[in-house]
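Undergrad: what shape does this take:
(chains A and B)
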Amino acid sequence: MKGLIDKLAHPGLVRVAGIAIGLVFVVAGLAKIGDTAAFTAQLHNFRLTPIALENLAGMILPWVELVAGTALILGARSRAAAWICAALMFLFTIAIGQAAARGLDFECGCFGKGDASTVGLQKLVENIGLTAVALVATLRRR
Amino acid sequence: MNGNSLIRDIALLVGIGVVLGVGYNAIGLRGGNDWGIAWKGVPLIETLGDEVKPVETDELPPGNMSDDPLAPVTPPRGIPVIEDFGRPVEIGLRAIKQLYDADAALFIDAREDWEYAAGHIPGAINLPYEQAITDPARLEAIDQRDKPIVTYCGGGSCEISISVAWELLGVGKAPVAVYMGGFPEWEKAGYPVDKKADGS
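TA: Predicted structure coming up:
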């Protein structure tokens, strides 16, 4: 296991993973910022946030994604940014997993209103893959 | 970088995101801007269930009896009135059936076309959510004929009927009600079902 982590911690690979996950977060953040109301409505579908806090989460979450993604691409405070992305990806994966397990059928809103893909196994696998990429990005040497 | 500086950096980046998110929304809420949302969330739908007020006045005759062809049609006495709350209104099976019997609502089936073809409420228009968000012209072209719109889908935890209802409100259609019981509840109740696929 340690050998695998050492291989994944190759600076070039970590940088590529950081840029890749950073781009995903910037695109996702901008898409959601473009229509906060629609994103908040989609957030409601997951039924994970108290209704009173849904709007607050809907207006803040996309900006956190944008800031973390931009920091990763620019290489500024990239280890912290990578941990934020990994934590968010973990949360998104749990959210999609529980929604799919409960049989909820709705558009995930992962990339804003224009993303009509529904929660389900495919989205779950995509998210697990992106979480892995984000975790690789956290392996930046101190 | 030690653990403390990592936590400090995480807090810094999250803090910047919070400030930008709150600031952007505050600007959006100011006059002339239209992207801000309310600070506190409210339920997406107004839940009325079967507690929908019927028309009780005798002053207005059923149907549009005035000389003005553009005057709104008054539903017959006893038919549920869907008020315009500015957001979708959830109504129950009894109210839905009353609206259906009186032909006093336009039904929109938000499920996929193959689900619609397998069975739907007679007279319902098929408008899958994906079409609703990719083809706003289709939303605008819906002629509700002065009737409230009722969206429904597969019942249970199906949320796309609410999403389609919001899209309809977004293009100025109102009032819009949501029948959360959806087609399964309607079919289980033994009410009429249409299996023609040409209602869209």
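
Undergrad: I'd like the next helix or strand past the helix or strand of chain B with the lowest mean pLDDT.
TA: Lowest by mean pLDDT, DSSP states H and E among the helices and strands of chain B is strand B:46-49, with a mean of 62. Once the chain leaves strand B:46-49, the next helix or strand it forms, by DSSP states H and E, is strand B:89-91.

Undergrad: list the strands paired with that next one, with their directions.
TA: strand B:46-49 (parallel), strand B:176-179 (parallel) (DSSP bridges).

Undergrad: how many neighbours does the closest residue to B:Tyr191 other than its chain neighbours have?
TA: Leaving aside its chain neighbours, B:Tyr191 sits nearest to B:Lys97 (6.5 Å; criterion: C-beta to C-beta, 6 or more residues apart in numbering or on different chains). The C-beta positions use only the backbone N, C-alpha and C, and glycine is treated the same way. B:Lys97: 15 surrounding residues under other C-beta atoms under 10 Å in any protein chain shown.

Undergrad: from B:Ala105, how far off is B:Lys97?
TA: 11 Å (C-beta to C-beta, to the nearest Å).

Undergrad: check chain B and tell me which residue is nearest its centre.
TA: Residue closest to the average C-alpha location in chain B (C-alpha atoms, centre = their mean): B:Ala165, at 2.2 Å.

Undergrad: nope, chain A is what I was after
TA: Of all residues in chain A, the one closest to the mean position by C-alpha atoms, centre = their mean is A:Met89, 3.8 Å from it.

Undergrad: tell me who's in contact with it.
TA: A:21, A:127, A:130-131, A:134 (C-beta atoms under 8 Å, 6 or more residues apart in numbering or on different chains).

Undergrad: returning to that earlier point: surely the residue nearest to the centre of chain B is within a helix?
TA: Yes: B:Ala165: assigned to a helix according to DSSP: H, G, I helix; E, B strand; the rest coil.

Undergrad: isn't it right next to B:Ala174, touching?
TA: No: in this structure, B:Ala165 is not within contact of B:Ala174 by C-beta atoms under 8 Å, at 10.1 Å.

Undergrad: show me which residues of chain B sit near chain A.
TA: B:1-2, B:6, B:9-10, B:12-14, B:16-18, B:20-22, B:24-25, B:28, B:35-44, B:129-130, B:133-134, B:154, B:156-160, B:162-163, B:166 (C-beta under 8 Å from any C-beta of the partner chain).

Undergrad: out of those residues, which are inside strands?
TA: Judged by DSSP state E, strands contain none of the residues of chain B next to chain A.

Undergrad: apart from its neighbours in sequence, what residue is nearest the residue nearest to the centre of chain B?
TA: Excluding the flanking residues, the one nearest B:Ala165 by C-beta to C-beta, 6+ apart is B:Pro88, at 3.8 Å.

Undergrad: repeat that for B:Gly36.
TA: Nearest non-adjacent residue to B:Gly36, counting by C-beta to C-beta, 6+ apart: B:Gly28, 2.9 Å away.
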